[in-house]
Structures are given as C-alpha cells and as structure tokens.
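The following block contains a protein sequence and its predicted model.
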Amino acid sequence: MIEKKLCLVISFNKTIDAMAFEEYCLKNSVNGRLIPLPKEISAGCGLAWKCDVDNQKEIEKALSNLSIKCDKMTKLII
C-alpha cells in the first residue's frame, strides 16, 4: 500500500499550461509529476502537478520562467 504524505499540489486554469509546465519540468529535472486534480481542490482544468513540499521555491521559479500562473498551490496529504 502506498503511504500518504504531505505534498505540494499545483493546479492550473488551462490544460495547456499544465502540459507546458510538465514539459519544462521534465527537461529541467524538476521533481514531481502530473496527476488528476484531487477532489479536495475544486478549481482548475482537472490536472495538477504533485511534488514534495520542499520543492516549493523550485516550482515558483519554474512557473516564473514560463510565465505561467497557477490556479492554486496547496499542501495536501495524498
């Protein structure tokens, strides 16, 4: 069974933003992965980026580099 832990979840307004963010992260070795939007978050396009909470500064830098605005940045146990 997968152990649940505190994660940083970033939701996006547009699917294209989520996919562009994923592509950037894969090319630049930013840890995390694209997931379906958790039911605890009721906004966005239906996709979210999940990563360790320790990566928040790195995620904010990546969003800034891409000029992508996230919908929400939330800490959840998932």
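Perfect, I can see it now.

can you pull the contacts of the closest residue to Thr15 other than its chain neighbours?
Closest residue in space to Thr15, ignoring its immediate chain neighbours: Cys45 at 4.5 Å, by CB to CB, 6 or more residues apart in numbering. From N, CA and C alone the C-beta is placed, and that goes for glycine too. Residues in contact with Cys45 (CB atoms under 8 Å, 6 or more residues apart in numbering) are 11-15, 17-18, 37, 71.

Quick check: pLDDT value at Cys45.
Predicted confidence (pLDDT) for Cys45: 91.

ditto for Lys14
The pLDDT attached to Lys14 in the predicted structure is 94.

how deep is it tucked in, by neighbour count?
Taking other CB atoms under 10 Å as the criterion, the count of residues near Lys14 is 14.

The residue positioned nearest the centre of the chain bridge partners, please.
Of all residues in the chain, the one closest to the mean position by CA atoms, centre = their mean is Trp49, 2.2 Å from it. Listed by DSSP bridges, the beta-bridge partners for Trp49 are Ile10, Leu34.
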